[in-house]
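Peer 1: following is a predicted model, sequence given first.
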Amino acid sequence: MLVMITILTALTLTTTIAAYAGGGDDDDDGNKQKAEDDSAAAIADCDDNDVERAGFDCIAIAASDVEIEQEEESATLSVCKVEFDADFSPKDFTFTVTGNNPSPEEFAGNANCVDVTIGPGEYVVSETAVPEAKATQITDSDCVQDPNNRLRATGEIQAGETQICTFNNFSPN
């Protein structure tokens, strides 16, 4: 008699199918069988609810060994650089993003923005300034300029959300 043991797939759960074929005795060596893909079969003692060996009319599911992986949704942070001084270009500036697994983490500035894929949570965007450039201001953005460091902006982003963080270098008036 053959009893199939199936651990059902949930979310990104891996499916394992194992088979038990055995006689009526409690001999562990004769009551274990590998699945066709050579993975170990889950064996249970239905009388004692132990995951060790199974009898004829028993189905065992090794629930304690099942891991459920939930993929965390990402968000998009668009980092933009606007330079009003003709002596400089947005690509003269380097940006670094820290937070929940940002990609890319470091890149050259771009007036058309650079989209950073990032996990939900808090983030920091830092600009490496060109010494001769005018003071940076964060404007029309979802991020907030650090009052103690004009080259740094912070924010918080939710899964599935898109935010914009724009660094501007204005000529003094």
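Peer 2: Cool, the structure landed.

Peer 1: please count neighbours and contacts with C-alpha atoms only from this point.
Peer 2: Will do.

Peer 1: Thr76 touches Gln158, doesn't it?
Peer 2: No. Counting by CA atoms under 8 Å, Thr76 stays clear of Gln158, with 9.4 Å between them.

Peer 1: who has more neighbours out of these two?
Peer 2: Taking other CA atoms under 10 Å, Thr76 and Gln158 do not tie; Thr76 has more neighbours (22 against 16).

Peer 1: who does the helix or strand harbouring that one pair up with?
Peer 2: Here Thr76 sits within strand 75-83, counting by DSSP states H and E. When pairing is defined by DSSP bridges, strand 75-83 lines up against strand 114-118 (antiparallel), strand 162-169 (parallel).

Peer 1: quick one, domains of the chain?
Peer 2: The chain breaks down into these domains under automatic domain parsing: 1-70, 75-169.

Peer 1: by mean pLDDT, show me the worst of these.
Peer 2: In terms of average pLDDT, domain 1-70 trails the rest of these, at a mean of 46.

Peer 1: wait, Asp92 touches Val130, no?
Peer 2: Yes. Between Asp92 and Val130 there is a contact at 7.2 Å, judged by CA under 8 Å.

Peer 1: more neighbours: the two, which one.
Peer 2: Using other CA under 10 Å, the more surrounded residue of Asp92 and Val130 is Asp92, with 15 against 12.
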